[in-house]
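Participant: the following block contains a protein sequence and its predicted model.
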2 protein chains.
Amino acid sequence: MIRFSKAVSSLRTSEIRDLMGLAIRPDIISFAGGMPGNELFPVDEIDEIYNHLPLDIKQTAFQYGPTPGYPPLLESLKEYLKKKGMPVETNNLMITTGSLQAINILGKVFIDPEDTVVTENPCFIGGISAFKSYQANIHGIDLNEDGIDVPSLKASLDRNKSVPPKFLYITPNFHNPAGTLYTEQRKKELVPVLKEHDLPLIEDDAYGELYFDEEARKRVVPMKTLYENELTICYTGTFSKILGPGFRLGWMLVPPEIYQKAELVKQSMDACSPNFTQVLANEFLRSGKMEKYIERMRVIYKRRKDTMAAAIRKYFPDEITWNEPRGGFYIWLKLPPQLDIMTVLKRSIEKGAVFVVGKTFDPEGKDNSHFRLAYSHTPEEKIEKGIQILGDALREALTVVK
Amino acid sequence: MIRFSKAVSSLRTSEIRDLMGLAIRPDIISFAGGMPGNELFPVDEIDEIYNHLPLDIKQTAFQYGPTPGYPPLLESLKEYLKKKGMPVETNNLMITTGSLQAINILGKVFIDPEDTVVTENPCFIGGISAFKSYQANIHGIDLNEDGIDVPSLKASLDRNKSVPPKFLYITPNFHNPAGTLYTEQRKKELVPVLKEHDLPLIEDDAYGELYFDEEARKRVVPMKTLYENELTICYTGTFSKILGPGFRLGWMLVPPEIYQKAELVKQSMDACSPNFTQVLANEFLRSGKMEKYIERMRVIYKRRKDTMAAAIRKYFPDEITWNEPRGGFYIWLKLPPQLDIMTVLKRSIEKGAVFVVGKTFDPEGKDNSHFRLAYSHTPEEKIEKGIQILGDALREALTVVK
């Protein structure tokens, strides 16, 4: 008999894996995966970079690198973040194997079994699974149009003063799955609450570069930039949405005290992130190719969002409510209370379209009142078709209910 | 005040990081790092592979992949392991971010805080840090010329029946740091002991491909192949020594029950290993380029070992004892009891050569009666020079003692 650890005994198979299986079937239009479209990757740019690498840099790409990252990439990224006003001088930067690893490492740095951590509800599935893998109790606070519900957060923290949570984890820019872009006001309101409770913040900024308009551009300024001097903030970012997830490169920018622990954890996890992809990412960033690429992507993702939004208005019953995102990958839609999303999903898959049901993003795995549509990896012509299929499935399910 | 988890509170800065800093200084001859030489990497082969990838495969390389690995690589690797007689049909294969991640994941699957795990002493530093990061107590059993000391292991297990350890972790082929190649007999003797105590085995086979002679080739057959039906064996391997550590690709071949847990852990750690390097590794393996490359490497590493062994005989005082390895990267040397290795290391660095002291590989971080020399990443002309420097440092230290 195998005696598993307590940490893994409680882990259950994630439903998202089966959905991803469907998502890659060519006969199904997928709004499921939170990833760029394959046709959008900067293949030509990376080809050019690869074929111009000097031999000694290529050899370095094959070798182990320092645990915190390939030094030239750390430098380039520091410059990049500095230009955005981020406090790179008083914090430490570390390259991680995707930003999920950064979130996981921070989970390990803070969480003891049975500790509470606070997240938004809904929440990025990777955050949920990372924190649960350290046996945390996750307390989800409602996310509304302007950001996390601060009065609810405050009430919860006040109520649990004797067993304070270890941190708050949020995604202020184009939230996954909710698409929410925090208002300046909402971020400001968070500060005194976190200060009062001495609560560290993990700020996940996977989508901040992908704004669709000028006002959104102004609003994506990280809390790490705005409130560095008032709060303890661990900031995470990723190359997955601005280069390619297959590079498995993310980063964390954190205070030195936390960095020291994080480096030791990373050292014991995978020693270092792939030098091979770090060398390429460095050239992509340093050459200015990345900024140009991101500019192109903003236009394409906005067009996909516009197409999906127009199709939703055209094909979905009025009972489905939603907000139009100003950036990122996702639209988050609310069902009328009597409608069972699992029935809709089943019909929709039969007809040839797939998406992710809301409970996937509920830390308690229960609330199925919403569903997530990703427009990021589906070409426009398929978006309209897929939304029509889903609209039919929703109408049918509504008729049955009525 | 930041409230860190108990798991990280006990982690201390590893000394190996500072040594690695020295190891890359061009003015110092390094026998420190356990890595291939930069000049040995199959850069031309990978260039050719990269430039012949069809666009759709390149795009796949930029994308997320399934958590257990890029399916074509899993297939190729399965074929490869099957040819070696490994039980790929009744076990599950998973690609990991280096084999360190495989070992770390297995640590998480088995270890609760304060659990005991058993390793060889000395032991791979990555194993020590992975298991400690889950708050394990590591019980090291002496490793001698033929493998782990089985009577000591048995005595320890018998003594601790009330609190049995979670697993035994060993590296039977060209051990890091000890260079040991287990005898068939020693592996056989292990079986009844593990069976009696129902103790799972983690078998780390990072170096098995790098044998130097025909008898060694016959002896590298994994316990996973020999004793699959009698024991619970988690087998780990890596591309780090047969392609490049910068690819960050390793694997585990484990029973389905363990695989299920391991997959969930990996999903929460980094979602998947880099597709970019998996695509390249797959072509390297599938095309037959890898086997040819490994054949070349065996010759080169043997030559480096021969050079180092000859230089040691020439320059080291007779008081230093050691065994000649039959494969792998390392020579492990024993000091006379009165000699302080830290003094030798200091002198040696001043004179321009660096290596790793024994206590780095002691689970308790104390035993400094040995030191490790890696010949893998140092060209022959530098090996002789470096060993001469180190020989001088050893003689000087001995003279002082006498």
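Facilitator: Ah, there it is.

Participant: which ones are touching A:Pro71?
Facilitator: Contacts of A:Pro71 were listed using Cβ atoms under 8 Å, 6 or more residues apart in numbering or on different chains, and they are A:Gly65. Yep, even glycine has a C-beta here, placed from its N, CA and C like the rest.

Participant: and it, how close does it get to A:Asn275?
Facilitator: In this structure, A:Pro71 and A:Asn275 are separated by 11 Å, where distance is defined by Cβ to Cβ, to the nearest Å.

Participant: find the residues that touch each one of these two.
Facilitator: The contact sets of A:Pro71 and A:Asn275 overlap at A:Gly65 (Cβ under 8 Å, 6+ apart).

Participant: tell me how far the nearest residue to A:Leu181 once chain neighbours are set aside lies from A:Phe31.
Facilitator: Nearest-residue entry for A:Leu181: A:Arg326, 5.1 Å, with adjacent residues in sequence omitted and distances by Cβ to Cβ, 6 or more residues apart in numbering or on different chains. Going from A:Arg326 to A:Phe31 by Cβ to Cβ gives 19 Å.

Participant: what about these two, which has more around it?
Facilitator: Neighbours of A:Arg326 and A:Phe31, each counted by other Cβ atoms under 10 Å in any protein chain shown, are more numerous for A:Phe31; the result is 26 against 21.

Participant: next one: phi and psi at the more buried one?
Facilitator: The phi/psi pair for A:Phe31 (degrees, to the nearest 10) reads phi -110, psi 20.

Participant: in this structure A:Asp367 contacts A:Lys359, no?
Facilitator: Yes. With the criterion set as Cβ atoms under 8 Å, A:Asp367 and A:Lys359 qualify as a contacting pair; they are 5.7 Å apart.

Participant: more crowded one of these two?
Facilitator: In terms of neighbours (other Cβ under 10 Å), A:Lys359 is the more surrounded of A:Asp367 and A:Lys359; the figures are 18 against 15.

Participant: check what pLDDT the more buried one gets.
Facilitator: A:Lys359 carries a pLDDT value of 94.

Participant: from chain B, how far out is it?
Facilitator: Distance from A:Lys359 to chain B, counting by Cβ to the nearest Cβ, to the nearest Å: 17 Å.

Participant: what do you get for A:Gly327?
Facilitator: Computed as Cβ to the nearest Cβ, the A:Gly327 to chain B distance reads 20 Å.

Participant: pull the contacting residues for that residue.
Facilitator: Taking Cβ under 8 Å, 6+ apart as the definition of contact, the neighbours of A:Gly327 are A:Asn173, A:Phe174, A:Leu181, A:Tyr207, A:Gly208, A:Leu210, A:Tyr211, A:Phe212, A:Ala216, A:Val220, A:Arg298, A:Tyr301.

Participant: could you do A:Leu81 as well?
Facilitator: Contact criterion Cβ under 8 Å, 6+ apart gives A:Val88, A:Leu93, A:Gly237, A:Leu253 as the residues in contact with A:Leu81.

Participant: pick out whichever of the residues you listed sits closest to B:Lys241.
Facilitator: B:Lys241 lies nearest to A:Leu93 out of the contacts of A:Leu81, by Cβ to Cβ, at 29.6 Å.

Participant: tell me how far the nearest residue to A:Val150 once chain neighbours are set aside lies from chain B.
Facilitator: Spatial nearest neighbour of A:Val150, chain neighbours left out: A:Glu189 (4.6 Å); criterion: Cβ to Cβ, 6+ apart. The gap separating A:Glu189 from chain B is 23 Å, by Cβ to the nearest Cβ.
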